[in-house]
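**Q** the sequence isn't on hand, but the structure is:
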């Protein structure tokens with residue numbers, strides 16, 4: 001059975017939260033970090049993410 005992961009990313013401290021689901025968490029985070037996929041997260045999420 002395939003495993004899925006729910007993840008939460010933030011655009012910045014007190015910014016927009018993005019919730020997603022994926023079967024390959026490492027690949028999906030890489031896609032977000034490298035603006036690989038067109039759409040909402042490419043416009044809103046900026047890396048590096050704040051760790052505060």
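**A** Sure thing, it's come through. Quick caveat: nothing in here was measured; it's all calculated off a predicted structure.

**Q** mind listing what residue 4 touches?
**A** 21-23 (Cβ atoms under 8 Å, 6 or more residues apart in numbering). From N, CA and C alone the C-beta is placed, and that goes for glycine too.

**Q** and the helix or strand residue 27 falls within, what does it pack onto?
**A** Here residue 27 sits within helix 25-33, counting by DSSP states H and E. Counting contacts by 3 or more Cβ pairs under 8 Å, 6 or more residues apart in numbering; DSSP states H and E, helix 25-33 packs against strand 5-10.

**Q** can you give the strand pairings for the strand it packs on, parallel or anti for each?
**A** Sheet pairing of strand 5-10 (DSSP bridges) gives strand 17-22 (antiparallel).

**Q** what's the closest non-adjacent residue to residue 2?
**A** residue 23 (5.6 Å; Cβ to Cβ, 6 or more residues apart in numbering).

**Q** next one: residue 29
**A** residue 7 (7.3 Å).

**Q** so who does the one you found touch?
**A** For residue 7, the contacting residues are 19-22, 25, 28-29, by Cβ under 8 Å, 6+ apart.

**Q** so what's it scoring on pLDDT?
**A** We have a pLDDT of 91 for residue 7.

**Q** try the one 4 residues further on
**A** For residue 11, the model assigns a pLDDT of 73.

**Q** you'd agree residue 11 is up against residue 18?
**A** Yes: using Cβ atoms under 8 Å, residue 11 is in contact with residue 18, at 7.4 Å.

**Q** okay, residue 25 and residue 6: tell me how far apart.
**A** To residue 6, residue 25 is 10 Å away according to Cβ to Cβ, to the nearest Å.
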